[in-house]
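Colleague: structure here, sequence nowhere to be found:
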């Protein structure tokens, strides 16, 4: 028996967060009540606004509270004709963190998966097709995950690009920088050998 | 550069939770936006109500949204003259989970720590003193943490109890059940030897 039904509800509600079980939820609730009431109130407000206001960018489908996201709006990014196709908005953060890409993105919000009934329309490829027709995209970089579904999705999109005579490239697979060769799995090493580049 | 300032704010606000760094906060935000909008809204509402409405029980000082918590209200718990003194509301959950205690609690919300300027008044010992005066408490069980501060606090409270001629006991320290003797630290083992009990 707990001392307060509302506290119980809070512990329960916190469990909707990924990786938070009953023990962590209890710890979070007590921490907020004891030391972070202001932070808790601010989180409640931000959470409420975010869940209500954040939708998808009309151009790249990533999360944004505006019609068009900050990256798609940026005129410098528009000048660059590159379009990087990723599976999720988190992947945009990862690519942005490299600082190596200055074009725009297209977020699939998943990958093709016929067995789960996820077809081209469900991952926004109709919008993607429309964007290719507009003619301002000169290169599509396929940065879907290196999984079976990710590869299949990349192949499908590469075919779409070919139909519109837009060049498409796939990000390189190979040995991670800083890794040790003997610890790398066979498939990755095979890709690494096939994708070898001349240095002289 | 992120795609949305509100998303950035959400990731920032989530970091007020204990053990949540930038990576986990981002994962939580994306998870809520992609799969748990309803859960997120419910969490926002519960969090808001909990941070605003939850105060302290007038009798035992634990967290509750009422004047007096469910345990203190329970007449069966009142009949039993035992009072278990713990450091935090989380400790109540731990003792309740054993199902071995049917009395009431008193929560210190900390421990005596003269160096940090935390004296008897800061851990509610004035309220505790008042409760002892009322005469319905027959035994005080000291379940503060087995740390230096917890022990000092327990000693202090035991002296208070003696002044009011109420018997006080300390929970047993010893080898954890299911543990292996060779892995137990020396201090615990010393306590375990000193606190040995006759079995015939």
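Modeller: That came in fine, so what should we check first? What you are looking at is a predicted structure, and each value in this text was computed from that prediction instead of being measured.
Colleague: residues contacting the residue nearest the centre of chain A?
Modeller: Central residue of chain A (Cα atoms, centre = their mean): residue A:88, 2.0 Å from the mean position. If you count contacts by Cβ atoms under 8 Å, 6 or more residues apart in numbering or on different chains, residue A:88 has them with A:107-110, B:30, B:34. (C-beta placed from N, C-alpha, C; glycine too.)
Colleague: show me where pLDDT drops low in chain A?
Modeller: Within chain A, the stretches with pLDDT under 70 are A:1-2.
Colleague: which of the contacts of residue A:88 fall in strands?
Modeller: residue A:107 (DSSP state E).
Colleague: out of the contacts of residue A:88, which is nearest to residue B:182?
Modeller: Nearest to residue B:182 among these, counting by Cβ to Cβ, is residue B:30 at 46.5 Å.
Colleague: distance of that closest one relative to residue A:87?
Modeller: 12 Å (Cβ to Cβ, to the nearest Å).
Colleague: now swap in residue A:42 and tell me
Modeller: Distance from residue A:42 to residue A:87, by Cβ to Cβ: 31 Å.
Colleague: ok, so of the contacts of residue A:88, who is nearest residue B:98?
Modeller: Among the contacts of residue A:88, and counting by Cβ to Cβ, the member closest to residue B:98 is residue B:30, at 39.2 Å.
Colleague: quick one: residues contacting the closest residue in space to the closest one that isn't next to it in sequence.
Modeller: Using Cβ to Cβ, 6 or more residues apart in numbering or on different chains and skipping the chain neighbours, the partner closest in space to residue B:30 is residue A:90 (5.3 Å). Contacts for residue A:90 (Cβ under 8 Å, 6+ apart) come out as B:26-27, B:30.
Colleague: do residue A:52 as well
Modeller: residue B:41 are the contacts of residue A:52 under Cβ under 8 Å, 6+ apart.
Colleague: does it lie in a helix or a strand, and which?
Modeller: According to DSSP states H and E, residue A:52 maps onto helix A:37-53.
Colleague: okay, the angle between that helix and helix B:37-53?
Modeller: 150 degrees (axes from the mean of the first three to the mean of the last three Cα atoms, to 10 degrees).
Colleague: next SSE after helix A:37-53?
Modeller: Following helix A:37-53 in sequence, per DSSP H and E, is strand A:55-56.
Colleague: off-centre distance for that following strand?
Modeller: Relative to its chain's centre, strand A:55-56 lies at 13 Å (Cα atoms, centre = their mean, to the nearest Å).
Colleague: wait, does that strand contact chain B?
Modeller: No: Strand A:55-56 lies out of reach of chain B by Cβ under 8 Å from any Cβ of the partner chain, never closer than 9.5 Å.
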